[in-house]
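Student: dropping the sequence and predicted coords here.
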Amino acid sequence: MNLSNLNPSPAVRKLNPALFGVTPVPQQTVAAERVGALPDPGAERDLQRACEHELHRRGVWYLHLSTRAREKCGCPDLLFPHPATGQFCAVELKAKTGRPSDAQKRALADIERNGGRVAVVRSYGEFMALLENAKSEALT
């Protein structure tokens, strides 16, 4: 039996195009220089998207909980190992005027007390500085 005879949906073909005799189309990526040159996003969700893109581009595993997750209360926006040191990082992303809630402050303090690196990041430039800086100092 040949897999191409199954006539899978385009979504299934996209998952593993080599199985279906389709030449994969390279994913469009944004050059690091271009992303770094973007103005800092004003909306937190845009900052979230840009930071996640950078982690993905570097091949860094990260966790971002859905807003529906029961554990979300106080949980930082991004959790990941620092690419240079492997140290656990917890980043709370905020718009220019946003402030961490009391639950978020407590979570960040608990993580820092247990040896993690914590930061409240308000711009893409600050996030890039966190990734480039291998020191374990807190940026909050």
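Tutor: The structure has been received and is ready for your questions.
Student: ok, Leu130 touching Cys89?
Tutor: Yes: using CB atoms under 8 Å, Leu130 makes contact with Cys89 at a distance of 7.3 Å. For the C-beta atoms, the positions are set from N, CA and C on the backbone; glycine is no exception.
Student: which residues do those two both contact?
Tutor: Counting by CB atoms under 8 Å, 6 or more residues apart in numbering, the common neighbours of Leu130 and Cys89 are Ala119.
Student: and the two? Which one has more around it.
Tutor: A count of neighbours by other CB atoms under 10 Å puts Cys89 above the other of Leu130 and Cys89, at 24 against 16.
Student: got the phi and psi for the more buried one?
Tutor: phi -120, psi 140 (degrees, to the nearest 10).
Student: and what of the one 10 residues further on?
Tutor: The phi and psi values for Arg99, taken as degrees, to the nearest 10, are phi -130, psi 140.
Student: Leu93 too?
Tutor: Torsion angles, degrees, to the nearest 10, at Leu93: phi -90, psi 130.
Student: from Lys72, how far off is it?
Tutor: Distance, Leu93 to Lys72, using CB to CB, to the nearest Å: 14 Å.
Student: enumerate the positions of the helix or strand hosting Arg45 that are buried.
Tutor: Element membership for Arg45 (DSSP states H and E) is helix 44-58. Judged by neighbour count using 16 or more other CB atoms under 10 Å, the buried positions of helix 44-58 are Glu44, Leu47, Gln48, Ala50, Cys51, Glu52, Glu54, Leu55.
Student: then stretch 97-107?
Tutor: Neighbour-count burial for stretch 97-107 [16+ other CB under 10 Å]: Pro100, Gln104, Lys105, Ala107.
Student: what's the weakest-modelled helix or strand in the chain?
Tutor: Of all helical and strand segments in the chain, the minimum by mean pLDDT, DSSP states H and E falls on helix 32-37, at a mean of 46.
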